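# fold the following and give me the result.
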Amino acid sequence: MAMSITVGRQPETRPACMFCYRVTEAPVGQANAWRINCEICGPDEVTRELLADGPQIGKEGYLVFAWLRWAALENNDQVQLLTQEKAQQIAKEAPRYTPLEKANQLLLALGRITKRPGGMFQGLIAQLTPFAWARDEREVTEYLDWLDTIQINRTTNGIKLTIGGWEKFEQLQTNANNSGRRAFVAMWFDDSMDFLWTDGLRPGIEDAGYQPYRVKGVVHGDRIDAHIIAEIRACPFVVADVTGSRAAVYFEAGFADALGKPVIWPKPNNRVTSRHLNLSIVCQQSAHCEPWPTAAYGSHDINRCAWAF
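All right, here's what the predicted structure looks like:
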């Protein structure tokens, strides 16, 4: 939302929050930024340029809003300085959750906010909007309706988790803690490749302290493409094997590389073809490792690269 300001002075008018568009207190000028205190979005620090021009992110402002609030929740309410470049990067790379995933994110946030059984959230419903990665208060209210009576209790005093809610919260918390240590493995699902998974990739990744994950055999209720994309976004790196020249493996490796994630390319030299070459170079550079020196896959080789992350 564009606004004219004079460097070193407070804007004379009370601006609208650049995320929820509610009227806020006048920004407080600091050394290299303005601090904005919004009743709904909380405190934010933005550069003078961003305050003047508004975030150039189209309709993705809610994603930046959500990312900032989650970052504050996970870092003891520490406020981060937001630049135009960072806002655009967040809007591009922020997760796109399904409705059920958003409801789970909301429950996870409520558990972290209330901290213990009996703890109560007593703020405005609109303040929960970013924790559900929702676009507006209407959407987050719908997710609260889904959780009501089974996982949360809503009273005139506020919102608290039920015993079922705390049980679900513990599951979500465990999954959240493990996701940062889970390595996504992109490979051909043919049964002839199972030996590579069981004897090479899986033990090598585990020895490096990560949890290997491949989609084959995993039961879930999501669309397979949406599930894969969500897993790649959450993982610290990707291992991609191109045996069989499967298009899906190229897509998954390319998607990870576009997100700036390292890609380990476990491919014996004798399997390199012209089709593989360009992507192989990109992925080896991203993973900071050399091509495999022998024709045999080994868990030690995977371990050597995985430890870098």
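
# where do the helices of the stretch 151-300 of the chain begin and end?
163-179, 194-196, 202-207, 224-234, 247-258, 274-287, 299-306 (DSSP state H, counting those that start in this stretch).

# can you flag the weakest of those by average pLDDT?
The weakest mean pLDDT among these belongs to helix 274-287, with a mean of 38.

# any regions of this protein where pLDDT drops low?
Residue ranges of the chain with pLDDT under 70: 1-32, 43, 51-58, 77-78, 177-180, 217-223, 267-309.

# all strands of it, in order?
Under the criterion DSSP state E, the chain carries strands at the ranges 28-29, 33-38, 42-47, 81-82, 152-155, 158-161, 182-186, 211-213, 238-240, 263-264.

# ok, residues contacting stretch 110-124?
With contacts defined as C-beta atoms under 8 Å, 6 or more residues apart in numbering, stretch 110-124 is touched by 39-40, 73, 128, 131, 152, 157-161, 163, 165-166, 169, 172-173. For glycine as for every other residue, the C-beta is placed from the backbone atoms N, C-alpha and C.

# format the strands of the chain as a markdown table; extra columns: distance to Arg246 and mean neighbour count.
Putting those into a markdown table (distance: least, C-beta to C-beta, whole Å; neighbours: other C-beta atoms under 10 Å) gives the following:
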| stretch | distance to Arg246 | mean neighbour count |
| --- | --- | --- |
| strand 28-29 | 55 | 16 |
| strand 33-38 | 47 | 19 |
| strand 42-47 | 44 | 20 |
| strand 81-82 | 40 | 18 |
| strand 152-155 | 43 | 15 |
| strand 158-161 | 43 | 20 |
| strand 182-186 | 8 | 23 |
| strand 211-213 | 17 | 17 |
| strand 238-240 | 10 | 28 |
| strand 263-264 | 15 | 28 |
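
# among those, which is nearest Ile205?
Minimum separation from Ile205 across the strands of the chain (C-beta to C-beta) falls at strand 211-213, 4.0 Å.

# and the closest one, which strands flank it?
Next to strand 211-213 in the sheet, as set by DSSP bridges, lie strand 182-186 (parallel).

# and the contacts of the strand it pairs with?
Contact partners of strand 182-186, identified using C-beta under 8 Å, 6+ apart, comprise 197, 201-202, 205, 210-214, 231-232, 234-241, 248-249, 252-253, 256, 306.

# of those residues, buried ones?
197, 201-202, 205, 210, 212-214, 231-232, 234-235, 237-241, 249, 252-253, 256, 306 (16 or more other C-beta atoms under 10 Å).
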